[in-house]
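Asker: After the sequence you'll find the predicted model.
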Amino acid sequence: MSALRSLLRANRGFIALLLAFGLLRTAVADYNPVPSGSMRPTILEGDVVLVNRLAYDFKLPLTEIVIGHLGDPRRGDIVTFSSPKDGVRLIKRVIGLPGDVISMRNERLEVNGLPVRYQLLGTHTEELGGGQEFLAEEALEQLGRGSHDVQWLIGRSNAANFGPVTIPAGQYLMLGDNRDDSADSRYIGLVPRRLLIAKALRVLVSADFTAHPHIRLERFGMSLYRQEAAQGASF
């Protein structure tokens, strides 16, 4: 015991630093590695994203107990949350807010009866697991005053139609930006607010671990959000 006490005394500064870092990660800010391509082209596999745990709720450190609400998710926010289906931590985009009526027809969204605007950007080849390759169509999707990139895999349409769905109070509809390769609210259901964890802000670091591994320096510090459009909101 005396040896343990001596060890603790000798390293108390380092131990305090570890505790402070742990509290910071659980209560204020955190970083999350992204292992899947469900948010392509916005977030890539191998990105490590910075998230703000104080964006929506203040929780008791080291717990999921909410002490107070600090803000509400906005349409277009990228958030981390616990899946209502199995508790796995996911990262998706907020599409439907409480009170919204959301539907999808032929992969295009409608929000509160108004069609979302899309600007086609082009196509590229997307490689999936098992060596499968699909042609991906990329577009700029405008949600209100914000816009972001989405993509569809040509020939692999997945849950292309749903709704209309009215979002109840305290719940949110989440979609991945990679619309044909994302386990989102079309499969796991709506997400209660109590399961929200944080708002994703930017890429901290990024690495490609595919056939030719390399560091993606160009993505370091990159914001996950485009500037808001000044005019022409579709709803």
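Answerer: On my side now, so go ahead.

Asker: what's the closest non-adjacent residue to D100?
Answerer: I167 (4.8 Å; C-beta to C-beta, 6 or more residues apart in numbering). Yep, even glycine has a C-beta here, placed from its N, CA and C like the rest.

Asker: Backbone dihedrals for the one you found, please?
Answerer: Main-chain torsions, I167, degrees, to the nearest 10: phi -80, psi 120.

Asker: what's near enough to touch it?
Answerer: 96-102, 173, 190 (C-beta atoms under 8 Å, 6 or more residues apart in numbering).

Asker: go on, E107?
Answerer: Taking C-beta under 8 Å, 6+ apart as the test, what E107 contacts is 152, 157, 160, 179-180.

Asker: following the lengthiest strand in the chain, which helix or strand comes up?
Answerer: Looking across the chain with DSSP state E, the single longest strand is strand 196-208. Counting by DSSP states H and E, the element after strand 196-208 in chain order, helix or strand, is strand 214-215.

Asker: Parallel or antiparallel, list what pairs with that next one.
Answerer: Next to strand 214-215 in the sheet, as set by DSSP bridges, lie strand 196-208 (antiparallel).

Asker: chain center to the partner strand: distance?
Answerer: Mean C-alpha position of strand 196-208 versus that of the full chain (C-alpha atoms, centre = their mean, to the nearest Å) differs by 8 Å.

Asker: Buried residues, that strand. List them.
Answerer: Within strand 196-208, the residues scored as buried using 16 or more other C-beta atoms under 10 Å are 196-201, 203-207.

Asker: again with stretch 184-199
Answerer: Under 16+ other C-beta under 10 Å, the buried positions of stretch 184-199 are 184-186, 188, 190-191, 193, 195-199.

Asker: Just the closest of those residues to D57, please.
Answerer: L196 (7.0 Å; C-beta to C-beta).

Asker: the helices in the protein, which residues?
Answerer: Along the chain, counting by DSSP state H, helices occupy 2-10, 12-27, 185-188.

Asker: hang on, the earlier thing: narrow the contacts of I167 to just the buried residues.
Answerer: Applying 16+ other C-beta under 10 Å to these flags 96-98, 100, 102, 173, 190 as buried.

Asker: Those residues in strands, which ones?
Answerer: Short answer: the buried ones among the contacts of I167 in strands (DSSP E) are 96, 102, 173.
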